[in-house]
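Engineer: quick one: sequence and predicted model below, then my questions.
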Amino acid sequence: MVRSLKTAVAASMLFLTTALPLQAFGEDAPAAQDVPGFVQRGIPGPGQEALKPLEGTWQVELSTYIAFGTRDKPMVSSDIICRRQWITGGRHLEDITKGTVGGETYERHGLLGYSNIDRRYEWVTADAVNANMMIYLGEPGSGERMPISMSGRFTDQGLLGEEFAGKSIGQRTVINVESNDRHVVELYFTPEGSAEFLAQRGIYTRLKE
């Protein structure tokens, strides 16, 4: 009994890590009786399909309205390249973005995905400035709604000014897919007691490979 349970779990984990690329959507997906329920609920579907326009290589024009820029005079960087590819069998979109901002190296790694069970988009990033990771979650049940809006909170290192160091800041990322070759990603912050404001805007233009 124990051995058979271990064998079943091992087979399911192998399925999780190797099966079901994006081509497995729809009618080509394995029959329900072939896989356990917890595996079925993780099969890529419409939520992941809606992210397909974001994969590929992108030229990014990044406007920053905080720190080195202001709302009236943003710092604009145009030598940033973003590369996105599917990992984990088409379940998560890996985002690696590199370039320079204000003459300094800019690097960000992110994972964008869709939680089938929560029916929402999720976005986690790590960058070369903040030691903490940024975590954004869509509203449960929001589904494949466009534009994508995901919110969270982070503890500021002083990005918004020394008076904000150590304080919890509301944050929201909005992804607006305009076409297969262009999309816009906006980052908003909401300090305690203040209105939400635009902190950063990235305009993504597809590079032909």
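Structural biologist: Yes, it's here.

Engineer: and the next element down the chain from the helix or strand bottoming out on mean pLDDT in the chain?
Structural biologist: The least trusted helix or strand in the chain, going by mean pLDDT, DSSP states H and E, turns out to be helix 2-18, with a mean of 44. Towards the C-terminus, the helix or strand next in line after helix 2-18, according to DSSP states H and E, is helix 37-40.

Engineer: who are the packing partners of the helix or strand following that following helix?
Structural biologist: In the C-terminal direction, the helix or strand that comes right after helix 37-40 (DSSP H and E) is helix 46-49. Packed against helix 46-49 by the contact rule (3 or more CB pairs under 8 Å, 6 or more residues apart in numbering; DSSP states H and E) you find strand 104-115. Bear in mind the C-beta positions are built from the backbone N, C-alpha and C, glycine included.

Engineer: what distance separates the strand it packs on from the centre of its chain?
Structural biologist: In terms of CA atoms, centre = their mean, to the nearest Å, the gap separating the centre of strand 104-115 from the centre of its chain is 6 Å.

Engineer: now swap in stretch 63-72 and tell me
Structural biologist: 22 Å.

Engineer: tell me the domain ranges of this protein?
Structural biologist: 2-43, 47-206 (automatic domain parsing).

Engineer: need the distance between the two termini of the last one.
Structural biologist: The distance separating the two terminal residues of domain 47-206, taken as CA to CA, to the nearest Å, comes to 21 Å.

Engineer: give me the low-pLDDT residue ranges for this protein?
Structural biologist: By pLDDT under 70, the low-scoring segments of the chain are 1-33.

Engineer: let's see 80
Structural biologist: Screening the chain residue by residue with the criterion pLDDT under 80, one finds the ranges 1-34, 209.

Engineer: give me the contacts around the helix or strand hosting E178.
Structural biologist: Counting by DSSP H and E, the secondary-structure element that holds E178 is strand 168-179. Applying CB atoms under 8 Å, 6 or more residues apart in numbering, the contact partners of strand 168-179 are 53-54, 123, 134, 136, 146-156, 160, 183-192, 196.

Engineer: my guess is A128 meets T100, correct?
Structural biologist: No: contact status for A128 versus T100: not in contact, 11.1 Å apart, counting by CB atoms under 8 Å.

Engineer: what's the overlap in contacts for these two?
Structural biologist: Contact criterion CB under 8 Å, 6+ apart; residues shared by A128 and T100: Y106.
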